[in-house]
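Undergrad: Return atomic coordinates for the entry below.
(2 chains)
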Amino acid sequence: DAGVTQSPTHLIKTRGQQVTLRCSPKSGHDTVSWYQQALGQGPQFIFQYYEEEERQRGNFPDRFSGHQFPNYSSELNVNALLLGDSALYLCASSPGPTENEQYFGPGTRLTVT
Amino acid sequence: GQQLNQSPQSMFIQEGEDVSMNCTSSSIFNTWLWYKQDPGEGPVLLIALYKAGELTSNGRLTAQFGITRKDSFLNISASIPSDVGIYFCAGRRAFGNQFYFGTGTSLTVIP
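TA: As a prediction, the model looks like this:
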C-alpha cells in the first residue's frame, strides 16, 4: 500500500519563474492538502482540494494555485517566485475533507535563487 | 493568523528520562494532533485527540487534550535514541478543515 508520494524531491528555480509540484495521495484517500514549511518552522496550510475543487485556503497569495485530478492526485503551482518561497512543500492526504488523520508525503524542497 | 506556541523550543535529555512538552493556542480547538518529523521527511502522526480532558496513549507516548480546549500536552516516557526529532502539535477549530501547526519542539536524546 503506497503512502503519499511527491515529486520532485528537490528543485532549484530563479526569482520570477514558475514551478509545479506534484502529489499522489495514499491509496483510498480522496482529499489533498498542501503545506509550506519554512526552515525551523511548523507547516503552514496553503489549501485543500476535494472533488477537484479548492475547499479551503490559508493565508497565501493568488500566486499559489492548485489542481486536483479525477484520480485524486494534485498539483501545486507557484507563479512569479520570490526568494521567500524557498521552503519544504508538503502534501498531506486524508480519506475525506473533514477527516482528522492526515498522512504526509516526504515533501519537495524548493530553493529560489 | 492563528499561532500555536510550543514549549520548550528544544530539549536535551539523557536516554531513559521522561519528556514533557506542551502547546498553547489563543483559540479554542476541537481537535488536537501530535506529529513527529525526522530530518528530510514529512511529519508522522503520533496521537489524535478529540475531546476536552481526553488522555490518549500510543506506546510510550501519552497526550492530553486540555480542559480549556486551548492547550495540549505530550509526554514521552523512558526516552530512547530513536525519539530524536521535532515534535509538532496541530489543532483544528470546530468549523473549517484547516489545521494550524505549532512552532515545534526539537528533542535530542543523549545515549
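
Undergrad: When you work out contacts or count neighbours from here on, use the C-alpha atoms and nothing else.
TA: Will do.

Undergrad: pLDDT below threshold where in chain A?
TA: A:1 (pLDDT under 70).

Undergrad: residue in chain A nearest to chain B?
TA: A:Pro106 (4.4 Å; CA to the nearest CA).

Undergrad: and that residue, helix, strand or coil?
TA: Judged by DSSP: H, G, I helix; E, B strand; the rest coil, the three-state class of A:Pro106 is coil.

Undergrad: give me the number of residues near residue 78?
TA: In the absence of a named chain, this looks at chain A. A:Val78 has 20 neighbouring residues, counting by other CA atoms under 10 Å in any protein chain shown.

Undergrad: That was the other one, I meant chain B.
TA: 14.

Undergrad: mind listing what it touches?
TA: By CA atoms under 8 Å, 6 or more residues apart in numbering or on different chains, the contact list for B:Ala78 reads B:Glu15, B:Gly16, B:Glu17, B:Asp18, B:Arg60.

Undergrad: One more: B:Ser10?
TA: If you count contacts by CA under 8 Å, 6+ apart, B:Ser10 has them with B:Thr105, B:Ser106, B:Leu107, B:Thr108.

Undergrad: gap between it and A:Asn71?
TA: Computed as CA to CA, to the nearest Å, the B:Ser10 to A:Asn71 distance reads 41 Å.

Undergrad: now do A:Leu21
TA: Using CA to CA, one obtains 16 Å as the distance from A:Leu21 to A:Asn71.

Undergrad: Comparing those two, which residue is more hemmed in?
TA: Neighbour comparison, A:Leu21 and A:Asn71: the larger count goes to A:Leu21, with 22 against 12 (by other CA under 10 Å).
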